[in-house]
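A.B. asks: Here is the input, now give the coordinates:
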Amino acid sequence: MIRMPRPRHVAHFCTAPALQSTFLLSCSLVVFPLYRSSKDTLSGI
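C.D. replies: Okay, here's the model as predicted:
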């Protein structure tokens, strides 16, 4: 008899990479405009 893994564990294993990728994407979306604007202001000085 093969033991089936818990559905909760499988769901966590499947959603963890997706959550990480979306977190990195949102971070880059927030940081990139800030970095660009700060670079513009530094070059403007």
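A.B. asks: Please count neighbours and contacts with C-alpha atoms only from this point.
C.D. replies: OK.
A.B. asks: separation between F23 and L34?
C.D. replies: Going from F23 to L34 by CA to CA, to the nearest Å gives 17 Å.
A.B. asks: try L25
C.D. replies: On the measure of CA to CA, L25 and L34 end up 15 Å apart.
A.B. asks: One more: P17?
C.D. replies: Distance, P17 to L34, using CA to CA: 26 Å.
A.B. asks: Check S28 too.
C.D. replies: In this view, S28 and L34 are 10 Å apart by CA to CA.
A.B. asks: Looking at S26 now. What's its pLDDT?
C.D. replies: Per-residue pLDDT puts S26 at 91.
A.B. asks: Going forward, count from 39.
C.D. replies: Got it, the first residue is 39 from now on, which makes the last one we talked about S64.
A.B. asks: Does it lie in a helix or a strand, and which?
C.D. replies: helix 45-82 (DSSP states H and E).
A.B. asks: can you give me the offset of that helix from its chain's centre?
C.D. replies: Distance of helix 45-82 from the chain centroid (CA atoms, centre = their mean, to the nearest Å) equals 4 Å.
A.B. asks: got a list of what Y73 touches?
C.D. replies: Applying CA atoms under 8 Å, 6 or more residues apart in numbering to Y73 gives no contacts.
A.B. asks: That one and S66, how far apart?
C.D. replies: For Y73 relative to S66 (CA to CA), the value is 10 Å.
A.B. asks: Report how many residues lie close to S66.
C.D. replies: Residues lying near S66 (other CA atoms under 10 Å) number 13.
A.B. asks: Might you report the residue contacts of V68?
C.D. replies: V68 neighbours (CA under 8 Å, 6+ apart): none.
A.B. asks: Give me the pLDDT value at it.
C.D. replies: 91.
A.B. asks: Check R44 too.
C.D. replies: In this model, R44 is scored at 63, pLDDT.
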